[in-house]
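Asks: All I have is the shape, not the residue letters:
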C-alpha cells in the first residue's frame, strides 16, 4: 500500500499541488493527463528524484519521504528507452539484482528468465544499441520488473514507439506485469484509450493536481468535472456555451438545444458538452464542414455551428467536402451539462 | 561526377599527407646523416645520396652531443607528464561531473562561473604565472624537482580536463544517473558504475590533451628547472649551440614525438566510438 499525502513540489513550469492518494497493491493505476499535467512530476517525486516542499510518502505505513532513492523499493521505466549502453542486455537486467547483493550467476539467471518473459531470450548478449526501439523498451521494462519492487512506475513507456509496436506492447502489457501482483503499478499516459484499457483505476491529472479517480468506465460515463471530461475524451469532446431558461436548454445566443431525458438545472448559464458520437449527420441543425480526418475505420469531422465548434465522428471512411453545409442532429442522451464552476451537473430521467 | 570528386579528394588527401609527413621523413633522413652529408647540399636517399650513419642516435645515449644524454630527460618528462595528466584527469573528471550534475551557488558565483574560472586559467599568458610559480615552488623547496613540476602542470592541465569532461558529461543524459540510482546505486556509485564506463571517449580526449600540453610544454620546464631535473623540450634546445649537431637534433626530435604519436594511434579508436548510442532514444 502506498499512501501519498499533500505532495507539493516547488513552483515551476510543472509542479505538484497538494496531491494525496492511496494506492493499493495488486492494482494497475493509469495516470492520465495532458503534457504538463504533472504525471512525470508525480512519479519523480515518489521516486525521490524531484524534491518535495511539502507532503509525505508512506509505503506500508512507513514514512519513506526522506529515504535515499536507492532504498525506496521502487522501479521506474522512462518514456525514453534508457538502458546502460556499456552493458549487454543480460547485464542490464542483472544490474539492479547485483546492486541488491545477489551473486552474479544468480542475478544473470533471474535476468535471463525475465528477458525470456519479455520475448528477448535470444538477445541476451547483444548491446542495447543493437536492438530496435521496441526491444530496447522491453529491456528497460525487464530491468524494472526483475527487482520485484513494491512500486513499479512506468512513465509513458509506449510514447516513443511507432503505432504497431505500441499496439503490440499494449496488448502484451497485462501479461508482462502479471507476476507483479504484490506491487502497486503506476502507468502514466496521455492517451485516454490506453489509460482505460490498461488500468483498474484511472487517475486524471490536470495542472499538477489529481482532479478525478475511479474505474475507467465510470469516469468516462460520468466525468465529475469539465476538465476531466476534456482530458479523458478522445476524439476531443466539444464544449458549447449555453443556458437554461424556463426549463428549456439553449445553445449560444438562443438556439434551442435538445434536452429529452435530461433533468435541467435552474435557469442560468451552463456548458453543454457534446461527445463526438452525440452528433450525427441528418437533422435540424446546420453546420459548415471544416477539416475531416480519418482515425482507424472512423471519420472525424470538424463542424462550425452558429453557436460554436464541435467534432462529429462517423463509422467508416467517408469523404466530406470542406466548406459545405451539412444538416446535423444532436442526441440529448449523449450530452452532458457542466456548471460554470466546471462541475458535472448532468441528471437524467430514469 | 562522383569519380571526379573521389579522385579530387584522394589527390587532396595525398597532397596534405605529404605536407604533414614530409618533415618527419626529412628528420628521419637527417638523423642518419653525418656532418659531411648535411653540409654537402640536399640529399634524400640513404646509400644513394649519402652513406647512412647511426651517430646521431647513438650519441644521444652516450652523452655524445653537447654532453646530453636523452634517457634522463625522457624519464623526467614521462614522469612529470604522466603523473600530472593522471592527477589532472582524476580531479578534472570529478570536478566536471559535479559541475554537470549539481548546482552550486556561492553568492553570485554559479556553475557557469566556476567552469569559466577553470578555463580562464588558460586564457592568461604563461609569463604571468612564471614568477608566482617560481616563488611558490621556492617556498616549498620544490624548485628543480619532479614534484614541483607536477604541481605546476596539474594547475595547467586541470582546466583542460575540466573543460573537456564538463562538455562530455553534459552530453550524457542525467536520466542515466537517475536510472542507476533507482537501480540501487548511491550517487557516487552511479558515477563509478555507469557514468565513468560510458565516458571513455571523453577521458581519452581529455587525457590526450593533457599529455600533449604537458609533454610539449617548454616555458615552465625551462623557468622552473636548472640541473637536477630536465625535461625533453629544454634538453632539445640545449643541443642547439654554435655547432648544431643536426643529426642528433633530428633523432632527438623523433624520439620526443614518438610517445605522443604512439598514444594517438592506440587511443584513436576510442575517440571515435560513440558509446552513448543505446543509452537513450
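Replies: Perfect, I can see it now. Bear in mind that the values here come from a model prediction, so they are computed numbers and not experimental data.

Asks: hey, let's count contacts and neighbours off CA atoms from now on
Replies: Will do.

Asks: How many residues are close by residue 61?
Replies: All of this refers to chain A. Using other CA atoms under 10 Å in any protein chain shown, residue A:61 has 10 other residues around it.

Asks: nope, chain B please
Replies: Neighbours of residue B:61 under the rule other CA under 10 Å: 15.

Asks: Could you do residue B:240 as well?
Replies: A total of 14 residues lie near residue B:240 under the criterion other CA under 10 Å.

Asks: which SSE is it in?
Replies: Assessed by DSSP states H and E, residue B:240 sits outside every helix and strand.

Asks: Please list all residues in contact with it.
Replies: Residues in contact with residue B:240 (CA atoms under 8 Å, 6 or more residues apart in numbering or on different chains) are residue B:249.

Asks: One more: residue B:150?
Replies: By CA under 8 Å, 6+ apart, the contact list for residue B:150 reads B:80, B:81, B:83, B:84.

Asks: make it 10 Å
Replies: Applying CA atoms under 10 Å, 6 or more residues apart in numbering or on different chains, one finds that residue B:150 lies in contact with B:79, B:80, B:81, B:82, B:83, B:84, B:85, B:87, B:88, B:142, B:156, B:214.

Asks: Over to the second one. Which of the three states is it?
Replies: Meaning residue B:80. When classified by DSSP: H, G, I helix; E, B strand; the rest coil, residue B:80 comes out as helix.

Asks: And the average pLDDT for the strand or helix carrying residue B:21 is what?
Replies: Residue B:21 belongs to helix B:2-31 when assigned by DSSP H and E. Mean pLDDT, computed over helix B:2-31, is 92.

Asks: Next secondary structure element downstream of it?
Replies: Remark: after helix B:2-31, the chain's next helix or strand is helix B:35-39, criterion DSSP H and E.

Asks: which one in chain A is furthest away from the centre?
Replies: residue A:246 (39.5 Å; CA atoms, centre = their mean).

Asks: Let me see the contact set for that one.
Replies: By CA under 10 Å, 6+ apart, the neighbours of residue A:246 are A:264, A:266, A:267, A:268.

Asks: For the closest residue to the second one other than its chain neighbours, give the beta-bridge partners.
Replies: Closest residue to residue A:266 apart from its sequence neighbours, by CA to CA, 6 or more residues apart in numbering or on different chains: residue A:244 at 6.8 Å. Beta-bridge partners recorded for residue A:244 (DSSP bridges): residue A:249, residue A:268.

Asks: How many neighbouring residues does residue A:244 have?
Replies: Quick note: residue A:244 (other CA under 10 Å) scores 19 neighbours.

Asks: okay but it is in contact with residue A:258, surely?
Replies: No - the pair residue A:244 / residue A:258 is not scored as a contact, 11.6 Å apart, by CA atoms under 10 Å.

Asks: from the chain's centre, how far out does whatever helix or strand residue A:211 lives in sit?
Replies: Using DSSP H and E, the element containing residue A:211 is strand A:209-214. Its chain's average C-alpha position is 11 Å from that of strand A:209-214, according to CA atoms, centre = their mean, to the nearest Å.

Asks: And the average pLDDT for that strand is what?
Replies: Rounded mean pLDDT across strand A:209-214 is 94.
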